[in-house]
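**Q** Prediction below, plus the sequence it came from.
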Amino acid sequence: MIGAIRPAFGMIRRILLTLQAADIWSHRRRVRMIRAAGMELGPDVVIKPGTFIGGGRLRIGRAAYVNRECLLEAAGGLTIGERTGIGPRVTILTISHELMDDYPRHGPTRIEPVTIGGNVWIGAAVTILPGTRIGDGCVVAAGSLVRGVLAPDGLYAGVPARRIRELPSRRGM
């Protein structure tokens, strides 16, 4: 009997995560649906319509904001810190494929978690690749492509994203 419950919850989870993206729900109802699907959302989290959440483990800290039409693919684990703002059409991926020398070029699946610190601002249309860690207090400019570790309190921009300048630290606020 227990074996039958697990697939049923998986289906219910997918349905909830699909339905929550519709523009018909209030943000409070959307957050309740995401929590009911097993995701961890802190108080005062706002997730705007059109945001697709792909299974896995999603944790979002208090007072974080996710704008419209984002893709949060959390199969490898996705953590977003407190008071972090994510702009519209941001893509965060935790799954990719190994590059092969032969055909097909896409090899075995590679799954790596993504961690975004607190008080971070991710600009519009940023793509964050598997294995990325963004430190507290960072700003990532619109349209950037992010992979690797971004040290705290920096402005990053470009494809690939590079540190442009230091930002004042606001830790402890």
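**A** Structure received.
**Q** need the helices for the chain, in chain order.
**A** With DSSP state H as the criterion, the chain has helices at 2-19, 27-36.
**Q** Quick one: mean pLDDT over the shortest one.
**A** Over the span of helix 27-36, the pLDDT mean works out to 90.
**Q** likewise the first one?
**A** Across helix 2-19, the average pLDDT comes to 72.
**Q** Of the helices of the chain, flag the one that's most buried.
**A** Per residue and on average, the most neighbours among the helices of the chain fall to helix 27-36, with a mean of 16 (mean count of other Cβ atoms under 10 Å). All C-beta atoms are positioned from the backbone trio N, CA, C, and that covers glycine.
**Q** For that one, give me every contacting residue.
**A** 16-17, 19-20, 25, 41, 45-49, 53, 58 (Cβ atoms under 8 Å, 6 or more residues apart in numbering).
**Q** Just the buried ones out of those, please.
**A** 16-17, 20, 25, 41, 45-48, 53, 58 (16 or more other Cβ atoms under 10 Å).
**Q** Strands - which of those land there?
**A** Mapping the buried ones among the contacts of helix 27-36 onto strands (DSSP state E) picks out 41, 46-47, 53, 58.
**Q** With pLDDT and distance to residue 31 as added columns, please give those residues in CSV.
**A** What follows is these, written out as CSV (pLDDT from 0 to 100; distance: Cβ to Cβ, whole Å):
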residue, pLDDT, distance to residue 31
41, 96, 6
46, 95, 8
47, 95, 6
53, 95, 11
58, 97, 12
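**Q** So which of these is the closest to residue 11?
**A** residue 53 (15.4 Å; Cβ to Cβ).
**Q** State the distance from the closest one to residue 22.
**A** 13 Å (Cβ to Cβ, to the nearest Å).
**Q** repeat for residue 109
**A** 29 Å.
**Q** picking up where we left off before, now the contacts of helix 27-36 in JSON lines, with distance to residue 98?
**A** Below are those laid out as JSON lines (distance: Cβ to Cβ, whole Å):
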{"residue": "16", "distance to residue 98": "32"}
{"residue": "17", "distance to residue 98": "27"}
{"residue": "19", "distance to residue 98": "34"}
{"residue": "20", "distance to residue 98": "32"}
{"residue": "25", "distance to residue 98": "38"}
{"residue": "41", "distance to residue 98": "32"}
{"residue": "45", "distance to residue 98": "34"}
{"residue": "46", "distance to residue 98": "36"}
{"residue": "47", "distance to residue 98": "32"}
{"residue": "48", "distance to residue 98": "34"}
{"residue": "49", "distance to residue 98": "35"}
{"residue": "53", "distance to residue 98": "25"}
{"residue": "58", "distance to residue 98": "25"}
